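Peer 1: can't give you the sequence, but here's the structure:
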């Protein structure tokens, strides 16, 4: 494999006595789409959240574009970075939440321009133009002055995707982007994600949408009980799974 | 209730194609006529409203016709220079008290939510202490601070002092009043701000952090504006409470509104009229504040219906 855009090595994470991640390795090459599947409680969301240091790892390493996330290595020790450094690293990693988490007191446009302005300190005119282009790309240019409360769930999630794209990140993480949506709104959000995948954006998507995984993923990763059980091209993992647990999971969701 | 009728129209009207035929019987079946909604009558409400109306008229009559209210004396003193000065002083005490209260209160609230145990327990202790002591007692403590410490010195803690100053000179009765009101208010304000901060969904802070938005900006642009929605109504209560609460400083013989009218009526004996003067002013101030609160709330309701 070429140099990995995202490179996780032996990542461990516990919440109290509950070990959620039991040594996970994951490599995502540039421009590749990785879909993580697995039953709830398998640790897939936690894994995604370690990539941008929303969760600190207990041991192991997380690298994005070759840079260690959240820590600085000196000899055989990892020193945790200061908050400001971590915030700077996060501007290179887009994150899309299950529950959108748009800022409800700001309009769509204000939601999108906020981070490029305050976190990246880019010029106002340039950011505004970019934001309008992104809202157009997700099909919401007519909603730029609407507040999140005036939008449907699908529209809110599309604004949230535009907000993540506005930082022009190297990788975008999607944490179950369609799980909070009414069934008829899932399609419009997945269309946007598919469009991004086709344009060569590096993405990691945690989802339950098997059809989406089959269509878009370069690699499907199946997780269970804090470990990666198997991974490979969608045809291989979804149609001819090698592990019993993968088969059992797929037989329930398909 | 009207749903069956609507469905009936939808299915039966179309083949007829003519609205006038609707109420005509067709094939021996009676067509349902268009239904008219008749709202329920509330005779009880009318009786109650009439009763309240009579009571209001009686109250107005009692206020106007009884000469003991001394309305002409009220008019005479309402805009008297000494009363106006007292109103201004009351407003100054309120503004300073609430200003110190919310500044210190916001700091205390943020300390309380800090992960550092010393910061959070100091904030907790402050609130516990200052909420427990009656305001009037605190005011007297500040007023009499010179009995505890004759001189206050400024310098390096536990080290040399650069200069010192007599407590009596530093803490005038006005300063004592402002300090007392402000520090007392800070305890309440800190709880109001903390409640506001807690009312904001944690996903908001998380989303801001995931976008790399700087810490201060997260607080002031993302979290606090949303917290204001629950802070403003309670803060309005506090401010209005303090407008009237300033009357406690009369024990320090400071010429705020309540003290001033007492001075006047002890001189001329028109007790009721002067109590009314104070009442009118307190009413005016709180009414203006209530209107202001409405607009502030509307501002922070942006984006919410």
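Peer 2: All right, it came through fine. Predicted model, so just to flag it, every value in this text is computed and none were measured.
Peer 1: Would you mind listing what in chain B touches chain A?
Peer 2: B:201, B:203-204, B:206-215, B:217, B:221-222, B:225-226, B:300, B:302-305 (Cβ under 8 Å from any Cβ of the partner chain). All C-beta spots, glycine's among them, are computed from the backbone N, C-alpha and C.
Peer 1: and the residues you listed, which are buried?
Peer 2: Buried subset of those (neighbour count, 16 or more other Cβ atoms under 10 Å in any protein chain shown): B:204, B:206-214, B:217, B:221-222, B:225-226, B:300, B:303.
Peer 1: Tell me which of those residues fall in helices.
Peer 2: B:204, B:206, B:207, B:208, B:209, B:210, B:217, B:225, B:226, B:300 (DSSP state H).
Peer 1: which two from those residues end up farthest apart in space?
Peer 2: Distance extremes for these: the farthest pair is B:210 and B:300 at 24.4 Å, using Cβ to Cβ.
Peer 1: related to what we said a few turns ago, export the ones in helices among the buried ones among the residues of chain B next to chain A to TSV and append columns for pLDDT.
Peer 2: Listed next are those as TSV, based on pLDDT from 0 to 100:
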residue	pLDDT
B:204	95
B:206	94
B:207	96
B:208	96
B:209	95
B:210	96
B:217	94
B:225	93
B:226	93
B:300	90
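Peer 1: Do a quick rundown of the helices in the stretch 1-150 of chain B.
Peer 2: B:3-16, B:43-65, B:71-78, B:81-112, B:117-132, B:135-143, B:145-148 (DSSP state H, counting those that start in this stretch).
Peer 1: same for the fourth one, what does it pack against?
Peer 2: Looking back up the chat, that one is helix B:81-112. When contacts are defined as 3 or more Cβ pairs under 8 Å, 6 or more residues apart in numbering or on different chains; DSSP states H and E, helix B:81-112 sits against helix B:117-132, helix B:173-199, helix B:224-245, helix B:257-268, helix B:271-300.
Peer 1: tell me the most buried of these?
Peer 2: Among those, the stretch with the highest mean neighbour count (mean count of other Cβ atoms under 10 Å in any protein chain shown) is helix B:173-199, at a mean of 21.
Peer 1: for that helix, the distance to its chain's centre please.
Peer 2: Its chain's C-alpha centre and that of helix B:173-199 lie 13 Å apart, by Cα atoms, centre = their mean, to the nearest Å.
Peer 1: What of stretch A:144-162?
Peer 2: Distance of stretch A:144-162 from the chain centroid (Cα atoms, centre = their mean) equals 18 Å.
Peer 1: in it, what's buried?
Peer 2: Those would be A:144, A:146-148, A:151, A:153-162, for stretch A:144-162 by 16+ other Cβ under 10 Å.
Peer 1: So which of these is the closest to chain B?
Peer 2: Distances from chain B to the buried residues of stretch A:144-162, taken as Cβ to the nearest Cβ, are shortest for residue A:147 (3.3 Å).
Peer 1: leaving aside the residues next to it on the chain, what's closest to that closest one?
Peer 2: In this structure, residue A:147 finds its nearest non-sequential neighbour in residue B:303, 3.3 Å apart by Cβ to Cβ, 6 or more residues apart in numbering or on different chains.
Peer 1: give the contact list for the one you found.
Peer 2: By Cβ atoms under 8 Å, 6 or more residues apart in numbering or on different chains, the contact list for residue B:303 reads A:104, A:105, A:106, A:107, A:147, A:148, A:149, A:150.
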